[in-house]
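[1] what follows is a protein structure lacking sequence information:
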C-alpha cells in the first residue's frame, strides 16, 4: 500500500509541474538594467549560467522542481530546495565583487507546499522592487529570470534585508 502511495505521489509531481527550459538569451540584456557596465552584465550573465550548470550537476536536479523537493524530504537527496539554491547563488556571486546588491524574495510565505524563494539582484543601493529575480529551482537548475514585478507565476515579497 505504501509503495502505491509513493508511486502516485511521484506521478502527481511529474504531472503537476511540467518541465520546460526557459530562454536565457535575454539574461545579459535584462541584467544591463541593474548593472551599469555592459561588460560586467555580460560576465555576470555568464557566471550565473555556468553556476546553474554546476549546481544542477552537483545536486542532480530533476527538471521537475517538486520532484526534487520530494526526494529531499524523503532523504534521497541532501540539497536542492529553492532557498538553498537562492543562497548558494548569492554566496557564489558575492565572492566575485560585482557592483550589485543581493536580496532574497519569497512567495506564498509560510505555505508548506507553495512557499518559494529566489535570489534578487539589484543595482547598488536600489530597492528590491527594482531588481531581477534569478530562480534556479523552478526548472531544476535552468536559469529563470524576470523583473521583480513581472513574474507571472509568483508575487514576490522581500525576506530580510540586503545580503
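    Yes, it's here. It should be emphasised that the depicted structure is a prediction, and the values quoted were computed from it without experimental measurement.
[2] and residue 69, what helix or strand is that in?
    Assigned by DSSP states H and E, residue 69 belongs to helix 65-73.
[3] what mean pLDDT does that helix get?
    Model confidence over helix 65-73, given as mean pLDDT, is 92.
[4] what packs against that helix?
    With contacts taken as 3 or more C-beta pairs under 8 Å, 6 or more residues apart in numbering; DSSP states H and E, helix 65-73 sits against helix 2-16, strand 132-139. Glycine gets a C-beta too; all of them are placed from N, C-alpha and C.
[5] buried set for it?
    Neighbour counts over helix 65-73 (16 or more other C-beta atoms under 10 Å) mark 65, 66, 67, 68, 69, 70, 71, 72 as buried.
[6] mind picking the one among these that's closest to residue 123?
    Nearest to residue 123 among these is residue 65, at 28.7 Å by C-beta to C-beta.
[7] contacting residues for the closest one?
    Listed by C-beta atoms under 8 Å, 6 or more residues apart in numbering, the contact partners of residue 65 are 17, 82, 137, 138, 139, 140.
[8] tell me the two of those that are most distant?
    Maximum distance among the contacts of residue 65 (C-beta to C-beta): 12.5 Å, for 17 and 82.
[9] compare these two (neighbour count), which wins?
    For the pair residue 17 and residue 82, the greater number of neighbours falls to residue 82 (21 against 16), based on other C-beta atoms under 10 Å.
[10] what number of residues lie near the nearest residue in space to that one that is not next to it in sequence?
    Distances taken as C-beta to C-beta, 6 or more residues apart in numbering put residue 137 closest to residue 82, at 3.8 Å, once the chain neighbours are dropped. Using other C-beta under 10 Å, residue 137 has 23 other residues around it.
[11] hang on, residue 137 packs against residue 79?
    No - Residue 137 lies out of contact with residue 79 (C-beta atoms under 8 Å); the separation is 11.2 Å.
[12] show me the shaky parts of the protein.
    Applying pLDDT under 70 to the chain flags residues 1-25.
[13] residues in contact with the spatially most central residue of the chain?
    Nearest to the mean C-alpha position of the chain, by C-alpha atoms, centre = their mean, lies residue 135 at 2.0 Å. Residue 135 is in contact with 82, 86, 116, 118, 119, 143, 144, 145, counting by C-beta under 8 Å, 6+ apart.
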